[in-house]
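Colleague: can't give you the sequence, but here's the structure:
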DNA sequence: ATGAAAGCGCTAACAA
DNA sequence: TTGTTAGCGCTTTCAT
């Protein structure tokens, strides 16, 4: 019947006419912003149902300067951790009645800036950064705009920037403690890029715990990777060339751990009989490799929840008591760690590294 | 100096005052909507730079009924394919100057509806579904709203719904052909849930090609999984109980393929010496398992690009010539497939299944 | 080629 | 308790 069945959803005006009230009254019942007579409210609510009214978020955003939107900036989407950020941030944002707008910057500074500017022009209520390449530029822009923001999964030098991170030092501690308890004394570590603060923190926790636990982490048993699978392979190959004496290895993420496992397995070194391996991240792959990887799960859900809540606090101008929220990681024991007595790598055994 | 360094970005009014023109002229130079005198345009552009003006997207959205936004609905965020959708959709959307707002519905019909309604209330320019649980409800809502939408990665019964999918039949064909060429004749298949159309298409392509290629796909060598790792394990265990005779297995995704690989490896069946395995998806894990999984890559990037372009076409009321766009998958040969002559599983060999 | 003015749908200050 | 009014910042007729 209708020649153009499309578009035009009901507006407050429609509701007001039906309910015989003014639009402001409608606004009041919707937002519970001022008391409304019970009978009037009733009429309005009926009218709302009649026309199937849903407030126009754009109009509201224009007026109230809040788009009920939160932005999430991720530098890439390869690593599962960033997917986890999306998942849990969206979850948390949704619970608060907001929507999530995401931008994958591919670590391109121009795309970073473009995206941030867009967010600001959209009246976002806050933005969560999981990493940006050009920090000073981005922070300047967003600070000028007055839009609340928090950094997730990075340690900032500036202490006045709200941050939520995993307790990275603790992660190192957990890995070391678990291995120490299994009787290991000679350790190795494949780290992430050492120019990243959280990588150094992870490493400190690992080394400090080993040392105070009577273990040993020789310099030549520490290799710096880049969090990618291939770098785990490379680092392990480097270790293997030197007839390694360690019986326990921690890689600072699962991808590198699995890369290393592959190298050692191919070289005939039994995992976990001769070498125990611990990862970090609890990725999908970590469950599926053989043997299944013992790893440390990052508290992504808690971190994202905190990040969203911080945004909302700052937005409400409530006093922020903590500018740096920390959540504890959790050990997931699977099959790649065993007691040291069950075997070891040393120059005399048959399990030493062959031509790699 | 400024007591409140916060907020208030420049508006068109500011620009207009500086350039000594009216706001309409400013609007015209920004949008190239009507001819503007060169000198005037120059003054306006300078003014824009002076105050660092960026148009307010909310205001524009209210007026022009287009928020320069595209919505993406995903049912979950565990499987890498959905991450791929986010990644490539965001990429494509960005290229067109739009932003992406994402909703993870966890297959909850209420959340689906809530999210869709929000999108509509935000004047999104289009929405892309990768799957919804309550299709008829969601489609009714969105069709009423007149917002353009396309379905990605699903075959719809209704032929008037714009859809972009991988050529799933072709994927089955590719798997079978590759295996046939390696000399295999006895096949097995672990499928996804058979109530999904694309799963049946994949299966048809696989079976048809095998049959016409002189191979054999016995009923007892077909098992229905649910795309999860564990179901790959279970299906493989079921096969293993019957002293399987096949030498080639296709699992309809990598997770199930890897689950199956683990079972057969543990049972002492050499991959690929005795059993060739092909997956589908080209996940991160597929590169990292040992041996590295031969698989089929879905054309996610092309699919997302098409989806966004279809949205834009529909929005521009340009005639949609194709309501169903299809992209071809691609074989990625790695280490889990070998010539059949190199070994086989049969009742007489030593590689048969032991107590599983 | 340019300006004045109306209005998108909503919120909020001000009256009544 | 309710209505009137004035915008939010932009696009877009309609004049000029």
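Modeller: That came through, no problem. Worth saying up front: this structure is predicted, and the values here are computed from it rather than measured.
Colleague: can we go C-alpha only for contacts and neighbour counts from here?
Modeller: Noted.
Colleague: got the domain ranges for chain A?
Modeller: As assigned by automatic domain parsing, chain A contains the domains A:5-55, A:66-166+A:299-327, A:168-297.
Colleague: so which residues on the stretch 51-200 of chain A come close to chain B?
Modeller: Within the stretch 51-200 of chain A, the positions near chain B by C-alpha under 8 Å from any C-alpha of the partner chain are A:54-59, A:61-62, A:77, A:83, A:87, A:90-91, A:99-104, A:118, A:121-123, A:143-147.
Colleague: what's the closest of the domains of chain A to DNA strand C?
Modeller: domain A:5-55 (3.4 Å; C-alpha to the nearest atom of the strand).
Colleague: what about the stretch 1-150 of chain A, any weak spots by pLDDT?
Modeller: Applying pLDDT under 70 to the stretch 1-150 of chain A flags the ranges A:1-7.
Colleague: tell me where it has strands.
Modeller: A:69-74, A:99-104, A:126-129, A:149-152 (DSSP state E, counting those that start in this stretch).
Colleague: which residues touch the residue nearest the centre of chain A?
Modeller: Nearest residue to the geometric centre of chain A (C-alpha atoms, centre = their mean): residue A:85, 4.2 Å. Each residue near residue A:85 by C-alpha atoms under 8 Å, 6 or more residues apart in numbering or on different chains is listed here: A:300, A:301, A:304.
Colleague: go again using 7 Å as the cut-off
Modeller: Contact analysis of residue A:85 by C-alpha atoms under 7 Å, 6 or more residues apart in numbering or on different chains lists A:300, A:304.
Colleague: ditto for residue A:205
Modeller: By C-alpha under 7 Å, 6+ apart, residue A:205 lies in contact with A:169, A:170, A:171, A:172, A:173.
Colleague: just send those residues back as JSON lines, with neighbour count, pLDDT and distance to DNA strand C too.
Modeller: Formatted as JSON lines, these follow (neighbours: other C-alpha atoms under 10 Å in any protein chain shown; pLDDT from 0 to 100; distance: C-alpha to the nearest atom of the strand, whole Å):
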{"residue": "A:169", "neighbour count": "22", "pLDDT": "98", "distance to DNA strand C": "44"}
{"residue": "A:170", "neighbour count": "21", "pLDDT": "98", "distance to DNA strand C": "44"}
{"residue": "A:171", "neighbour count": "26", "pLDDT": "98", "distance to DNA strand C": "45"}
{"residue": "A:172", "neighbour count": "28", "pLDDT": "98", "distance to DNA strand C": "48"}
{"residue": "A:173", "neighbour count": "21", "pLDDT": "98", "distance to DNA strand C": "49"}
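Colleague: between the residues you listed, which is closest to DNA strand D?
Modeller: Out of the contacts of residue A:205, the member with the shortest distance to DNA strand D (by C-alpha to the nearest atom of the strand) is residue A:169, at 45.0 Å.
Colleague: DNA strand D contacts on the stretch 51-200 of chain A?
Modeller: Residues of the stretch 51-200 of chain A found near DNA strand D, taking C-alpha under 7 Å from any atom of the strand as the criterion, are A:59, A:62, A:63.
Colleague: which of those residues are buried? Put it as a ChimeraX command.
Modeller: In ChimeraX, this line selects whichever of these come out buried by 16 or more other C-alpha atoms under 10 Å in any protein chain shown:
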select /A:59,62
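Colleague: hmm, back to that, what's the most buried one of the domains of chain A?
Modeller: Most buried of the domains of chain A, by mean neighbour count (mean count of other C-alpha atoms under 10 Å in any protein chain shown): domain A:168-297, with a mean of 21.
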